[in-house]
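Colleague: kindly generate the corresponding structure for this input.
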Amino acid sequence: MRSKVIKILFKKELLDVIRDRKAMLMLILVPLLIYPLIFFGSFAMMSMIQSGMEQREYRVVADVDDNGEFALALNEHNAKNIEKASSTDASSNKSVDRLRIVELEDSDKSDEAINKALQEERIDVYITSERSSDGRIRYKTRFVSSITNSNYAENLVKSVLDSLSQKQMEKSIEEAGLDVESVIHPFSLERKDIATKEQSAGSLLGTILPFMLVISLLMGTMYPAIDTTAGEKERGTLETLLTLPVRNRDIIIAKFLTVALVGIISALLNILSMGIMIFYMVKLISSSSMVGVGLDMSDFHIGSFILPMIVTILAVFAFSLFISAVTMCITALAKSYKEANNYITPLTLVVMLTGYIGFIPNIELTEKVALIPVANICLLIKNLLLFKAEMSTIAIVLISNVIYANLAILLLGKIYDSENILFDDGKGNIQIFQKRKNMKKGGTPTTGDTWFILCFTFILYLYIGSIIQMKYRIGGIFGSQILIVAIPIQYAIYTRKNLRKTFSLKLCRVSKLAFSFVFFIGVFLMENTVSTVLYYFFPQEFDSTSSGLESVLLGGGKLVTYLVVAFTPAICEEFLFRGFVFSGFKSRYKAWTAIILSAVMFGAYHTSVIRFLPTTILGISFAFMLYYSGSIIPSMICHCFNNALYVFEMYHPGALEKNLSFLFSTDQSPVRMVIIFVIGLMLAVIGGRFLSNGQNKKD
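Modeller: The predicted model follows:
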């Protein structure tokens, strides 16, 4: 019964997408036309530019005193080019580049007059000469590199001078009674490239194809994702759909299958179009006219790419599931087409920047890298085309993309279960853009305010904070902390928020504080276990991150370091993340959604991939304490305690590991880590249980 409902909904969603004929024509025709147009257009443009440059006669002013040697070499250069062009293609009337020596009047030979003539393109290159004390001639060229003809002509002049230098060198060797060949070439070099033609082609395709596929998949899923989410809101049909006797999960699955199917079709059309162009290029390169320039592809076996292309198609399917789900999660937050397009822009930039990893040499697809979205697909396709992909990494890439897609679908389900998100209730507006007299006094920030402050603060911290940290070191770290607390406080004051509610500024009962600390100790043990496991897999990353920070902090006194690293962040970061950010998320989302979301932002703020998970776990514990205690004080105290341990270890290296080795040793046995994790879990459950008893969740 459920599969029948999903099938009906799927047909409905698919019909809604394909009903827009113009959009479908663009979806189908663009992949089939864009690559031929790019190829032929680029080829025609390059040919036209090259032909135009070669058919010009470049004017050279030769103010040299070398007994006519340069002029003779120039004439020989022109003659050789004409002979070469006629021998390459006797039936062609194609012109070749020519250099012509022109004269300037004596009145036009001042520096100012010569520069003006070059800028106005009346001449292309000006060459002079002077003799040194040993009788050697030094040639000097003057040109304008920003002018194409002048820059090209100067390269031609340089080749003429190189030929002249070679000729004079050979003459000097002969006059000395030596063998020219043995002097100039004392040894010979024979290079043998054992790469097959298929590997050479795969190397070229592996650089370009993954990026093009990833972008085409994103473009292919954008339209149906926007249409099935924001478009349905704008048309007013979402309310009707939600009133049907079907579950939200069935609606989500139907929409997801529609977007993924359209994305896969778009990707397959892109593969087909690119495959045709690749086949055409191989045939073109294999032609007799290209063999003469060392591009013989006559023995190229395109069948070698059948297996890599099959696995590539599987990778495309897996990535389509992932990118479709992510795109839908983003567009589901929008209320209109225009807003959805604005929301999707950051995702496009992230995918494009990550997709560039295929262009970077020496980036290997390790088991760790295989877990990074987008990058894993690009590197997998690149390795497949180079015939060096391993089954283990292929499996990790495919399975991880499917898992990420399922997680995104779960998030999408949460979005569709929330009427506050699906239907705007005014809690997502950015209030700073309103007139202050129209702002309602009291309350807490909206989610729009929260996202705005997060982005604005992060940008300022990234640019201004990094600059002052590099210049003032530990003082700059303190200034950065002041920056991130001043922005949300000023914003809350300007938008007339209730500061007490926004930042949870109230005293906490002693019992709540005690249970909060018990809960934190439990979470700390679990987080420390996670960090130990991560250290086992990524020791260099952990050490490099710690050493970089320690080199900055050890420059100040011990008391100053405790103040900057332990006390100041415990106030400033808590005001931002557990105060402004958490209260803003809580105004619209469920409690646990707000807790996890604020913790993820807290982990991302620390800009360390390797420490993201441990920091996020701590962020969850801090937000949990605030929510159930009703006060920001417990999270501040525990935050300060956590950072103080880091400072203590920095000034007393090995002290914690020596005295509390069962907790802080980096060489823990698996059994001991499990025991510590279980103890931490028990303490967290006990502390959390007592902490949450009697809590008014609407507080």
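Colleague: for R249, see how far away the nearest residue to N498 once chain neighbours are set aside is.
Modeller: Nearest residue to N498 in three dimensions, chain neighbours excluded: G442, at 4.8 Å (Cβ to Cβ, 6 or more residues apart in numbering). C-beta here means a position set from N, CA and C on the backbone, and glycine is covered the same way. To R249, G442 is 38 Å away according to Cβ to Cβ, to the nearest Å.
Colleague: longest helix in this protein, please.
Modeller: In the chain, ranked by residue count with DSSP state H as the criterion, the top helix is helix 248-286.
Colleague: from the chain's centre, how far out does that helix sit?
Modeller: Counting by Cα atoms, centre = their mean, to the nearest Å, helix 248-286 is centred 23 Å from the centre of its parent chain.
Colleague: three-state assignment of the residue nearest to N498?
Modeller: coil (DSSP: H, G, I helix; E, B strand; the rest coil).
Colleague: dihedrals phi and psi, it?
Modeller: Dihedral pair for G442: phi 90, psi -180, per degrees, to the nearest 10.
Colleague: contacting residues for it?
Modeller: R496, K497, N498, K501 (Cβ atoms under 8 Å, 6 or more residues apart in numbering).
Colleague: now for the longest helix of the chain, which elements pack on it?
Modeller: In terms of contacts (3 or more Cβ pairs under 8 Å, 6 or more residues apart in numbering; DSSP states H and E), helix 248-286 is packed against helix 2-18, helix 21-54, helix 197-228, helix 238-242, helix 306-331, helix 391-417.
Colleague: enumerate the positions of that helix that are buried.
Modeller: Going by neighbour count (16 or more other Cβ atoms under 10 Å), the buried part of helix 248-286 is 248-264, 266-271, 273-274, 278, 281, 285-286.
Colleague: just the angle between that helix and helix 197-228, please?
Modeller: Note on geometry: by axes from the mean of the first three to the mean of the last three Cα atoms, to 10 degrees, helix 248-286 and helix 197-228 are set 150 degrees apart in direction.
Colleague: just use 49 as the starting number from now, easier for me
Modeller: Renumbered: residue one is now 49, and that last one reads helix 296-334.
Colleague: pull the helix or strand with minimum mean pLDDT from the chain.
Modeller: None of the helices or strands of the chain scores lower by mean pLDDT, DSSP states H and E than helix 336-339, at a mean of 46.
Colleague: where does the stretch 99-248 of the chain have low pLDDT?
Modeller: Residue ranges of the stretch 99-248 of the chain with pLDDT under 70: 99-103, 133-144.
Colleague: now the helices for it?
Modeller: Taking DSSP state H, counting those that start in this stretch as the test, the helices found in the stretch 99-248 of the chain are 117-136, 159-167, 196-223, 228-232, 245-276.
Colleague: and whichever helix or strand comes after the longest one, what's buried?
Modeller: Counting by DSSP states H and E, the element after helix 245-276 in chain order, helix or strand, is helix 278-283. Of the residues in helix 278-283, A278, G279, E280, K281, E282 count as buried by neighbour count, 16+ other Cβ under 10 Å.
Colleague: let's have those residues in TSV, adding pLDDT.
Modeller: Formatted as TSV, those follow (pLDDT from 0 to 100):
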residue	pLDDT
A278	83
G279	81
E280	79
K281	79
E282	79
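Colleague: dump those into JSON lines; add distance to A453 as well.
Modeller: Compiled in JSON lines, the buried residues of helix 278-283 are given as follows (distance: Cβ to Cβ, whole Å):
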{"residue": "A278", "distance to A453": "20"}
{"residue": "G279", "distance to A453": "22"}
{"residue": "E280", "distance to A453": "21"}
{"residue": "K281", "distance to A453": "23"}
{"residue": "E282", "distance to A453": "26"}
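Colleague: alright, I will stop here.
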